[in-house]
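# Fold the following and give me the result.
(one chain, ligands or ions: 1)
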Amino acid sequence: MSNDKGTRAGQPGAIIVGASTGMGAALARQLVAKGYQVALIGRQTEKLEELANTLNAAAAAKTVTPVAQLYAHDVRDGDAVPGLLEQIRRDMGRNGGELSVVVYAAGVMPPSEDGEWSFADERLMIETNVIGAMAWLNTSAAVMKRMGHGTLVGISSVAGDRGRKGNSAYMASKAALSTYLESLRYRLHGSGVRVVTVKPGFVATPMTAGMKLPKPLTISADQAAGAIARQCQKGKSVAYVPGYWRLIMLVIKSLPASLMVRLPI
Ligand SMILES: NC(=O)c1ccc[n+]([C@@H]2O[C@H](COP(=O)([O-])OP(=O)(O)OC[C@H]3O[C@@H](n4cnc5c(N)ncnc54)[C@H](OP(=O)(O)O)[C@@H]3O)[C@@H](O)[C@H]2O)c1
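Sure thing, here's the model as predicted:
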């Protein structure tokens, strides 16, 4: 990134972990539209490059400072996180920005033909959806606590609210992430750092591409990103996306086990 001309002092910076596709990419577009610099993180560098180029080309008309920078990273490499976070902060600082938001959107949900998942698949989900999240959120929390401000956003899921038939490890990973975020929120209370747990319902993204989702309950990644941004702005700590999922999950959480075994999923 260039480090001199076009600097806008105090520009907020956001790190999006899992920015190559789906909700992470949509959030990057939303944040840039709101005036943020974004650090785009993931493994699919071609997709990240395409997104960064689009965002920087759109911004070029207004400023010579690039607004998006990509960083190739596999979240299973947790030891790399402190160094990468510092590198991103330095890069943002050179462009007159300061880290303000970290979004953990990375996640995997391997498909299954027969309703069973291998241990390798289950381990992958825990490593990506939980351990990777801890590496980023724990490190970012410490940095933001020292700064005295910032917002941490974790994309969990309604899937973590109740165990159901189906992908047990995915649901367990999201339950773990939701509880981790809740605990972090209490720990950081009074530090100036906000922690937001996002619980989307069905969203049409590459993750759900092979699934038959109920159309009336399915939204696009852009719609989800818009709802996430709005709920964060309203100061919500736990954001169901869309909001009606709070009610749906209230009902599902109240169902007796005798009924849970009969649910199709
Ligand atoms: N779609 C839904 O219905 C739904 C509902 C509730 C919650 N969610 C959650 O929302 C989040 C975003 O998912 P999405 O639906 O937008 O799916 P998606 O398009 O598949 O996005 C997943 C993102 O995670 C990144 N990722 C996966 N493994 C990674 C790794 N090892 N290292 C770095 N990045 C990795 C991917 O980037 P690379 O492949 O480039 O690494 C990609 O950017 C996930 O946590 C998902 O569990 C989704």
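
# Which elements pack onto the helix or strand that contains residue 139?
Taking DSSP states H and E as the criterion, residue 139 maps to helix 132-147. Applying 3 or more CB pairs under 8 Å, 6 or more residues apart in numbering; DSSP states H and E, we find helix 132-147 packed against strand 11-17, helix 81-94, strand 97-104, strand 150-155, helix 168-187, strand 193-200. The way it works is simple: take the backbone N, C-alpha and C, and place the C-beta from them, glycine included.

# what angle do the fifth one and strand 150-155 make?
Following axes from the mean of the first three to the mean of the last three CA atoms, to 10 degrees, one obtains 160 degrees for the angle between helix 168-187 and strand 150-155.

# Run through who's touching helix 168-187.
107, 109, 117, 121-122, 125-126, 129-130, 133-134, 137-138, 141, 152, 154, 156-157, 159-164, 194-197, 199, 237 (CB atoms under 8 Å, 6 or more residues apart in numbering).

# for the first one, same thing?
Outside strand 11-17, the residues that touch it by CB under 8 Å, 6+ apart are 24, 27-28, 31, 35-42, 73, 75, 85, 88-89, 92, 95-106, 132, 136, 140.

# what is the rounded mean pLDDT of that strand?
Mean per-residue pLDDT for strand 11-17: 97.

# quick one: strands adjacent to that strand?
strand 37-42 (parallel), strand 97-104 (parallel) (DSSP bridges).

# and that strand with the ligand, contact?
No. Against the ligand, strand 11-17 shows no contacts by CB under 6 Å from any ligand atom, the least distance being 6.6 Å.

# Flag the shaky bits of the stretch 1-150 of the chain, pLDDT-wise.
Applying pLDDT under 70 to the stretch 1-150 of the chain flags the ranges 1-9, 63-64.

# Can you pull the residues of it lying near the ligand?
18-24, 42-44, 74-76, 105-109, 128.

# which of these are buried?
18-24, 42, 75, 105-109, 128 (16 or more other CB atoms under 10 Å).

# from those, which ones fall inside helices?
Mapping those onto helices (DSSP state H) picks out 22, 23, 24.

# and the residue nearest to the last one when sequence neighbours are not counted, how far is that from residue 189?
By the measure of CB to CB, 6 or more residues apart in numbering, the closest residue to residue 24 outside its immediate chain neighbours is residue 105, 3.6 Å from it. Residue 105 sits 24 Å away from residue 189, taking CB to CB, to the nearest Å as the criterion.

# And for residue 146?
16 Å.

# how about the most centrally placed residue in the chain, phi and psi?
Nearest to the mean C-alpha position of the chain, by CA atoms, centre = their mean, lies residue 105 at 2.1 Å. Backbone torsions of residue 105, given as degrees, to the nearest 10, read phi -110, psi 0.

# So it is in contact with residue 137, correct?
No. The pair residue 105 / residue 137 is not scored as a contact, 12.0 Å apart, by CB atoms under 8 Å.

# Can you give me the buried ones in stretch 71-88?
71, 73, 75, 78, 81, 84, 85, 88.

# Then stretch 217-229?
Those would be 219, 221, 222, 223, 224, 225, 226, 227, 228, 229, for stretch 217-229 by 16+ other CB under 10 Å.

# Go through these and name the one nearest the ligand.
The shortest gap between the ligand and any of the buried residues of stretch 217-229 belongs to residue 221, at 5.9 Å (CB to the nearest ligand atom).

# That closest one is in contact with residue 19, isn't it?
No. Judged on CB under 8 Å, residue 221 makes no contact with residue 19 at a distance of 11.6 Å.

# How far does stretch 74-86 sit from its chain's centre?
Centroid separation for stretch 74-86 versus its chain: 16 Å, with CA atoms, centre = their mean, to the nearest Å.
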